[in-house]
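> My questions concern the predicted model and sequence given below.
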Amino acid sequence: MFNVLWLQSGGCGGCSMSLLNAESPDVMTCFKSTDINLLWHPSLSEASSDEFIALLADILNGNIHLHALCLEGSVMTGPNGTGLFHVLGGTRKPMMSWLSELAEKADYTLAIGSCAAFGGITAAGNNPSDACGLQYDNAILGGLLGAQWRSIKGFPVINVAGCPTHPDWVTNVLMQLALDDLQLSELDELNRPRAYTNQLVHHGCSRNEYYEYKASAEVLGDIGCMMEHKGCLGTQARADCNIRPWNGSGSCLKGGYPCINCTAPEFEQPRLNFTETPKIAGIPVGLPTDMPKAWFVALASLSKAATPKRIRQNATAKHIISPPGKPKDMK
Ligand code: SF4
Ligand code: SF4
(Lines give C-alpha, C1' and ligand atoms only; values in the text may rest on other atoms or scores of the structure.)
(Ligands and ions follow the chains in the order given, each with its own letter.)
Protein backbone atom coordinates (compact mmCIF):
# COMPACT_ATOMS: atom_id res chain seq x y z
CA MET A 1 0.00 0.00 0.00
CA PHE A 2 1.42 3.39 -1.07
CA ASN A 3 -0.29 6.17 0.90
CA VAL A 4 -0.81 9.50 -0.91
CA LEU A 5 -2.09 12.69 0.69
CA TRP A 6 -3.16 15.47 -1.71
CA LEU A 7 -3.47 19.01 -0.37
CA GLN A 8 -4.40 22.25 -2.13
CA SER A 9 -3.36 25.80 -1.38
CA GLY A 10 -2.96 28.88 -3.59
CA GLY A 11 -4.18 27.59 -6.93
CA CYS A 12 -7.24 27.09 -9.11
CA GLY A 13 -7.78 23.33 -8.78
CA GLY A 14 -6.96 22.88 -12.47
CA CYS A 15 -4.37 20.17 -11.84
CA SER A 16 -7.02 18.05 -10.08
CA MET A 17 -9.38 18.64 -13.00
CA SER A 18 -6.61 17.58 -15.34
CA LEU A 19 -5.84 14.47 -13.27
CA LEU A 20 -9.44 13.33 -13.59
CA ASN A 21 -8.95 13.34 -17.37
CA ALA A 22 -6.24 10.68 -17.19
CA GLU A 23 -6.96 8.13 -19.90
CA SER A 24 -4.14 5.68 -20.24
CA PRO A 25 -4.80 4.45 -17.64
CA ASP A 26 -7.57 6.42 -15.94
CA VAL A 27 -6.68 7.65 -12.49
CA MET A 28 -8.53 4.98 -10.49
CA THR A 29 -7.10 2.13 -12.58
CA CYS A 30 -3.67 3.64 -12.17
CA PHE A 31 -4.04 3.82 -8.41
CA LYS A 32 -5.46 0.29 -8.13
CA SER A 33 -2.85 -1.26 -10.40
CA THR A 34 0.02 -0.03 -8.26
CA ASP A 35 -1.71 -0.28 -4.86
CA ILE A 36 -1.85 3.50 -4.40
CA ASN A 37 -4.11 4.46 -1.52
CA LEU A 38 -5.41 8.02 -1.75
CA LEU A 39 -5.66 8.93 1.92
CA TRP A 40 -7.41 12.22 1.21
CA HIS A 41 -8.07 14.66 -1.60
CA PRO A 42 -10.05 17.88 -1.09
CA SER A 43 -12.44 17.23 -4.00
CA LEU A 44 -12.58 13.45 -4.12
CA SER A 45 -12.79 12.41 -0.46
CA GLU A 46 -15.94 12.09 1.62
CA ALA A 47 -14.25 12.38 5.02
CA SER A 48 -15.58 15.05 7.35
CA SER A 49 -13.40 17.89 8.57
CA ASP A 50 -12.90 16.14 11.95
CA GLU A 51 -11.92 12.88 10.25
CA PHE A 52 -9.47 14.75 8.02
CA ILE A 53 -7.83 16.54 10.94
CA ALA A 54 -7.57 13.21 12.81
CA LEU A 55 -5.87 11.75 9.72
CA LEU A 56 -3.29 14.54 9.72
CA ALA A 57 -2.64 13.90 13.42
CA ASP A 58 -2.20 10.17 12.73
CA ILE A 59 0.40 10.97 10.07
CA LEU A 60 2.29 13.38 12.29
CA ASN A 61 2.35 11.02 15.28
CA GLY A 62 3.45 8.08 13.14
CA ASN A 63 0.28 5.95 13.26
CA ILE A 64 -0.07 6.20 9.49
CA HIS A 65 2.96 6.19 7.21
CA LEU A 66 2.84 8.80 4.47
CA HIS A 67 4.55 7.69 1.29
CA ALA A 68 3.81 10.72 -0.89
CA LEU A 69 2.68 14.23 0.01
CA CYS A 70 1.26 16.07 -3.01
CA LEU A 71 0.62 19.80 -3.00
CA GLU A 72 -1.43 21.49 -5.71
CA GLY A 73 -1.28 25.31 -5.74
CA SER A 74 1.37 27.62 -4.37
CA VAL A 75 2.40 28.05 -0.75
CA MET A 76 0.98 31.34 0.53
CA THR A 77 3.44 32.73 3.03
CA GLY A 78 1.87 36.18 3.50
CA PRO A 79 1.20 38.40 5.25
CA ASN A 80 4.71 39.08 6.55
CA GLY A 81 5.72 35.43 6.55
CA THR A 82 2.88 34.32 8.86
CA GLY A 83 1.04 32.20 6.29
CA LEU A 84 -2.25 33.49 7.66
CA PHE A 85 -3.61 34.10 4.18
CA HIS A 86 -4.36 30.37 4.14
CA VAL A 87 -5.24 28.75 7.44
CA LEU A 88 -6.37 25.12 7.18
CA GLY A 89 -10.06 25.15 8.10
CA GLY A 90 -10.77 23.94 11.65
CA THR A 91 -7.12 23.96 12.72
CA ARG A 92 -6.12 27.62 13.17
CA LYS A 93 -2.78 26.60 11.72
CA PRO A 94 -1.41 28.04 8.46
CA MET A 95 -1.25 25.60 5.60
CA MET A 96 2.44 26.37 5.18
CA SER A 97 3.10 25.03 8.71
CA TRP A 98 1.13 21.84 7.96
CA LEU A 99 3.13 21.40 4.77
CA SER A 100 6.49 21.80 6.52
CA GLU A 101 5.56 19.24 9.18
CA LEU A 102 3.97 16.72 6.81
CA ALA A 103 6.90 16.91 4.38
CA GLU A 104 9.16 15.68 7.19
CA LYS A 105 6.99 12.54 7.50
CA ALA A 106 6.67 11.70 3.81
CA ASP A 107 8.97 9.44 1.83
CA TYR A 108 8.50 11.81 -1.13
CA THR A 109 7.01 15.29 -1.56
CA LEU A 110 5.60 16.30 -4.94
CA ALA A 111 4.70 19.74 -6.26
CA ILE A 112 1.77 19.15 -8.59
CA GLY A 113 1.72 21.95 -11.15
CA SER A 114 3.82 25.06 -11.66
CA CYS A 115 2.20 26.96 -8.76
CA ALA A 116 3.29 24.35 -6.22
CA ALA A 117 6.66 23.98 -7.93
CA PHE A 118 7.64 27.63 -8.50
CA GLY A 119 4.81 29.91 -7.37
CA GLY A 120 3.18 30.10 -10.79
CA ILE A 121 0.16 32.25 -11.59
CA THR A 122 -0.50 32.93 -7.91
CA ALA A 123 2.94 34.55 -7.58
CA ALA A 124 2.56 36.76 -10.66
CA GLY A 125 2.74 40.54 -10.64
CA ASN A 126 3.55 42.06 -7.28
CA ASN A 127 2.60 38.77 -5.58
CA PRO A 128 0.32 40.16 -2.85
CA SER A 129 -0.02 36.79 -1.06
CA ASP A 130 3.78 36.20 -1.03
CA ALA A 131 3.19 32.95 -2.86
CA CYS A 132 6.11 30.63 -3.59
CA GLY A 133 6.74 27.03 -4.49
CA LEU A 134 7.58 24.19 -2.12
CA GLN A 135 11.29 24.33 -2.96
CA TYR A 136 11.57 27.18 -5.45
CA ASP A 137 10.64 30.85 -5.41
CA ASN A 138 10.24 31.35 -9.13
CA ALA A 139 13.59 30.22 -10.59
CA ILE A 140 15.48 30.49 -7.29
CA LEU A 141 16.00 27.40 -5.14
CA GLY A 142 14.58 27.82 -1.66
CA GLY A 143 10.82 28.27 -1.44
CA LEU A 144 9.07 26.99 1.66
CA LEU A 145 11.33 24.05 2.47
CA GLY A 146 14.73 25.51 1.59
CA ALA A 147 17.36 24.68 -1.00
CA GLN A 148 19.00 21.86 0.96
CA TRP A 149 15.82 20.07 2.03
CA ARG A 150 15.56 16.37 1.19
CA SER A 151 12.77 13.89 1.88
CA ILE A 152 13.12 10.70 3.92
CA LYS A 153 14.09 8.89 0.69
CA GLY A 154 16.71 11.53 -0.14
CA PHE A 155 14.75 13.30 -2.88
CA PRO A 156 14.22 17.05 -3.34
CA VAL A 157 10.65 18.12 -4.01
CA ILE A 158 9.66 16.42 -7.26
CA ASN A 159 8.31 19.22 -9.46
CA VAL A 160 5.59 17.87 -11.71
CA ALA A 161 5.39 21.31 -13.30
CA GLY A 162 2.81 22.44 -15.83
CA CYS A 163 -0.22 24.72 -15.85
CA PRO A 164 -2.03 22.47 -15.51
CA THR A 165 0.03 19.31 -15.40
CA HIS A 166 -0.73 16.62 -17.95
CA PRO A 167 -2.56 13.84 -16.07
CA ASP A 168 -0.05 11.23 -17.25
CA TRP A 169 2.87 13.23 -15.84
CA VAL A 170 1.26 12.84 -12.41
CA THR A 171 0.06 9.25 -12.68
CA ASN A 172 3.36 8.11 -14.20
CA VAL A 173 5.51 9.55 -11.44
CA LEU A 174 3.18 8.30 -8.67
CA MET A 175 3.21 4.80 -10.18
CA GLN A 176 7.00 4.89 -10.47
CA LEU A 177 7.32 5.91 -6.84
CA ALA A 178 4.82 3.26 -5.71
CA LEU A 179 6.89 0.65 -7.55
CA ASP A 180 10.13 2.07 -6.09
CA ASP A 181 11.25 2.70 -9.64
CA LEU A 182 12.30 6.37 -9.75
CA GLN A 183 15.99 7.32 -9.56
CA LEU A 184 17.32 10.79 -8.71
CA SER A 185 18.98 10.87 -12.14
CA GLU A 186 15.51 10.80 -13.68
CA LEU A 187 14.87 14.36 -12.48
CA ASP A 188 16.10 17.31 -14.56
CA GLU A 189 17.91 20.45 -13.39
CA LEU A 190 14.63 21.88 -12.01
CA ASN A 191 13.75 18.54 -10.38
CA ARG A 192 11.05 17.81 -12.96
CA PRO A 193 10.64 14.20 -14.16
CA ARG A 194 12.71 13.69 -17.29
CA ALA A 195 10.03 11.29 -18.50
CA TYR A 196 8.35 14.36 -19.97
CA THR A 197 11.01 17.10 -19.87
CA ASN A 198 13.54 15.30 -22.05
CA GLN A 199 11.33 16.40 -24.97
CA LEU A 200 10.62 19.83 -26.42
CA VAL A 201 7.04 20.85 -27.15
CA HIS A 202 8.29 21.52 -30.69
CA HIS A 203 8.83 17.76 -31.16
CA GLY A 204 5.85 16.38 -33.01
CA CYS A 205 4.14 19.74 -33.59
CA SER A 206 1.91 19.57 -36.64
CA ARG A 207 3.33 22.96 -37.73
CA ASN A 208 6.91 21.69 -38.11
CA GLU A 209 6.91 21.98 -41.90
CA TYR A 210 6.06 25.68 -41.54
CA TYR A 211 8.79 26.10 -38.93
CA GLU A 212 11.38 24.60 -41.28
CA TYR A 213 10.70 27.33 -43.83
CA LYS A 214 9.93 30.07 -41.29
CA ALA A 215 6.51 30.28 -42.92
CA SER A 216 4.78 32.07 -40.10
CA ALA A 217 1.27 32.62 -38.83
CA GLU A 218 0.42 36.31 -38.74
CA VAL A 219 -2.74 36.14 -36.64
CA LEU A 220 -4.12 33.47 -34.28
CA GLY A 221 -5.97 30.90 -36.31
CA ASP A 222 -3.43 30.90 -39.17
CA ILE A 223 -1.92 27.47 -39.64
CA GLY A 224 1.73 28.57 -40.00
CA CYS A 225 4.40 28.34 -37.31
CA MET A 226 3.72 30.64 -34.35
CA MET A 227 7.32 31.18 -33.27
CA GLU A 228 8.18 34.26 -35.36
CA HIS A 229 5.16 36.44 -34.56
CA LYS A 230 2.73 34.76 -32.16
CA GLY A 231 4.92 34.06 -29.15
CA CYS A 232 5.34 30.28 -29.44
CA LEU A 233 8.04 28.98 -27.08
CA GLY A 234 7.73 25.37 -28.22
CA THR A 235 11.38 25.30 -29.35
CA GLN A 236 12.45 26.04 -25.77
CA ALA A 237 9.68 24.49 -23.64
CA ARG A 238 10.55 21.17 -21.99
CA ALA A 239 7.48 18.94 -22.29
CA ASP A 240 6.08 16.19 -24.51
CA CYS A 241 2.72 17.84 -25.25
CA ASN A 242 2.79 17.09 -28.98
CA ILE A 243 3.93 13.50 -28.52
CA ARG A 244 1.68 12.57 -25.62
CA PRO A 245 -1.67 14.10 -26.58
CA TRP A 246 -3.97 15.77 -24.08
CA ASN A 247 -7.47 14.30 -23.81
CA GLY A 248 -6.82 11.82 -26.57
CA SER A 249 -5.66 14.17 -29.30
CA GLY A 250 -5.09 17.76 -28.23
CA SER A 251 -2.25 20.13 -27.40
CA CYS A 252 -2.08 23.91 -27.11
CA LEU A 253 -0.66 24.03 -30.64
CA LYS A 254 -3.34 21.79 -32.07
CA GLY A 255 -5.88 24.09 -30.44
CA GLY A 256 -4.36 27.01 -32.36
CA TYR A 257 -2.60 28.60 -29.40
CA PRO A 258 1.17 29.12 -28.95
CA CYS A 259 3.07 27.21 -26.30
CA ILE A 260 3.71 29.57 -23.38
CA ASN A 261 6.26 27.26 -21.70
CA CYS A 262 4.03 26.58 -18.72
CA THR A 263 6.38 23.94 -17.27
CA ALA A 264 9.07 26.58 -16.53
CA PRO A 265 9.46 29.10 -13.70
CA GLU A 266 8.20 32.61 -14.47
CA PHE A 267 6.20 31.55 -17.53
CA GLU A 268 3.38 33.62 -16.07
CA GLN A 269 5.28 36.86 -16.73
CA PRO A 270 6.17 37.00 -20.43
CA ARG A 271 8.10 39.99 -21.80
CA LEU A 272 5.13 40.98 -23.97
CA ASN A 273 1.72 39.34 -23.96
CA PHE A 274 1.50 35.58 -24.43
CA THR A 275 0.71 35.78 -28.14
CA GLU A 276 3.37 38.25 -29.23
CA THR A 277 7.00 37.36 -29.95
CA PRO A 278 9.51 39.75 -28.33
CA LYS A 279 12.13 40.79 -30.90
CA ILE A 280 15.26 42.88 -31.15
CA ALA A 281 16.00 44.22 -34.64
CA GLY A 282 13.35 41.86 -35.99
CA ILE A 283 14.97 38.74 -34.50
CA PRO A 284 13.02 36.78 -31.85
CA VAL A 285 14.62 37.15 -28.43
CA GLY A 286 13.94 33.55 -27.35
CA LEU A 287 15.72 31.43 -29.93
CA PRO A 288 15.46 27.65 -30.14
CA THR A 289 17.29 25.78 -27.40
CA ASP A 290 20.84 24.75 -28.39
CA MET A 291 20.94 27.00 -31.51
CA PRO A 292 23.47 29.88 -31.78
CA LYS A 293 21.89 33.16 -32.89
CA ALA A 294 24.06 33.53 -36.00
CA TRP A 295 23.03 30.08 -37.23
CA PHE A 296 19.39 30.85 -36.66
CA VAL A 297 19.57 34.10 -38.61
CA ALA A 298 21.44 32.45 -41.49
CA LEU A 299 19.12 29.43 -41.62
CA ALA A 300 16.00 31.58 -41.33
CA SER A 301 16.92 33.80 -44.26
CA LEU A 302 17.94 30.79 -46.40
CA SER A 303 14.78 28.86 -45.64
CA LYS A 304 12.53 31.88 -46.17
CA ALA A 305 14.11 32.33 -49.60
CA ALA A 306 13.42 28.67 -50.39
CA THR A 307 9.85 28.47 -49.10
CA PRO A 308 7.62 26.61 -51.56
CA LYS A 309 4.59 28.58 -52.73
CA ARG A 310 2.21 26.00 -51.19
CA ILE A 311 3.69 26.47 -47.71
CA ARG A 312 3.83 30.27 -47.97
CA GLN A 313 0.17 30.41 -49.00
CA ASN A 314 -1.06 28.00 -46.36
CA ALA A 315 0.90 29.61 -43.50
CA THR A 316 -1.40 32.61 -43.32
CA ALA A 317 -4.61 30.73 -44.12
CA LYS A 318 -7.12 29.26 -41.67
CA HIS A 319 -7.18 25.92 -43.51
CA ILE A 320 -5.22 24.32 -46.32
CA ILE A 321 -5.81 26.35 -49.48
CA SER A 322 -2.91 24.92 -51.47
CA PRO A 323 -2.67 21.09 -51.22
CA PRO A 324 0.54 19.19 -52.02
CA GLY A 325 1.07 18.66 -55.74
CA LYS A 326 1.33 15.22 -57.35
CA PRO A 327 4.74 13.50 -57.14
CA LYS A 328 7.12 14.58 -59.91
CA ASP A 329 7.44 11.06 -61.35
CA MET A 330 3.66 10.57 -61.60
CA LYS A 331 2.24 11.00 -65.11
S1 SF4 B 1 4.22 26.50 -33.67
FE2 SF4 B 1 5.76 26.37 -31.98
S3 SF4 B 1 5.93 24.18 -31.47
FE4 SF4 B 1 4.90 24.36 -33.48
S5 SF4 B 1 6.54 24.23 -35.05
FE6 SF4 B 1 6.28 26.42 -34.60
S7 SF4 B 1 7.77 26.84 -32.93
FE8 SF4 B 1 7.50 24.61 -33.01
S1 SF4 C 1 2.14 23.14 -25.10
FE2 SF4 C 1 3.40 24.49 -23.79
S3 SF4 C 1 1.92 25.84 -22.76
FE4 SF4 C 1 0.77 24.08 -23.59
S5 SF4 C 1 0.67 22.59 -21.89
FE6 SF4 C 1 2.47 22.07 -23.13
S7 SF4 C 1 4.21 23.15 -22.15
FE8 SF4 C 1 2.31 24.07 -21.38
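All right, it came through fine. Numbers count the residues shown, from 1 in each chain. Ligands and ions are numbered 1, 2, ... in the order given.

> where exactly do the helices run in the stretch 101-250 of the chain?
114-118, 167-178, 194-197, 208-212 (DSSP state H, counting those that start in this stretch).

> Could you look over those helices and pick the most buried one?
The highest mean neighbour count among the helices of the stretch 101-250 of the chain, using mean count of other CB atoms under 10 Å, belongs to helix 114-118: a mean of 33. Any C-beta I mention is one placed from the backbone N, CA and C, and that applies to glycine too.

> if you look at stretch 202-216, does any of it touch ligand 1?
Yes. If you take CB under 6 Å from any ligand atom as the test, stretch 202-216 does meet ligand 1, through 202, 205, 207-208, 211.

> Can you tell me which of those is closest to Val27?
Val27 lies nearest to Cys205 out of these, by CB to CB, at 27.3 Å.

> my guess is that closest one meets Gly234, correct?
Yes. Contact criterion CB atoms under 8 Å: Cys205 and Gly234 qualify, at 5.8 Å.

> Please enumerate the shared neighbours of those two.
242, 253 (CB atoms under 8 Å, 6 or more residues apart in numbering).

> ok so, going back, the residues of stretch 202-216 next to ligand 1: which two are farthest apart?
Greatest spatial distance among the residues of stretch 202-216 next to ligand 1 (CB to CB): His202 and Arg207, at 9.1 Å.

> Contact partners for the residue of the stretch 1-150 of the chain found nearest ligand 2?
Ligand 2 sits closest to Ser114 of the stretch 1-150 of the chain, with a gap of 8.8 Å, by CB to the nearest ligand atom. Contacts for Ser114 were tallied using CB under 8 Å, 6+ apart; they are 120-121, 161-163, 262-265, 267-268.

> What about the closest residue to Ala124 other than its chain neighbours? Give its phi and psi, please.
Distances taken as CB to CB, 6 or more residues apart in numbering put Glu268 closest to Ala124, at 4.4 Å, once the chain neighbours are dropped. Dihedral pair for Glu268: phi -70, psi -10, per degrees, to the nearest 10.

> check contacts around the most centrally placed residue in the chain.
Nearest to the mean C-alpha position of the chain, counting by CA atoms, centre = their mean, stands Gly162 at 1.1 Å. By CB under 8 Å, 6+ apart, the residues touching Gly162 are 15, 113-114, 169, 239, 262-263.

> From Asn61, how far out is Pro284?
55 Å (CB to CB, to the nearest Å).

> the more surrounded of the two?
Using other CB atoms under 10 Å as the criterion, Pro284 and Asn61 rank with Pro284 on top: 20 against 9.

> I figured that one hits Thr277, correct?
Yes. Counting by CB under 8 Å, Pro284 touches Thr277, with 5.1 Å between them.
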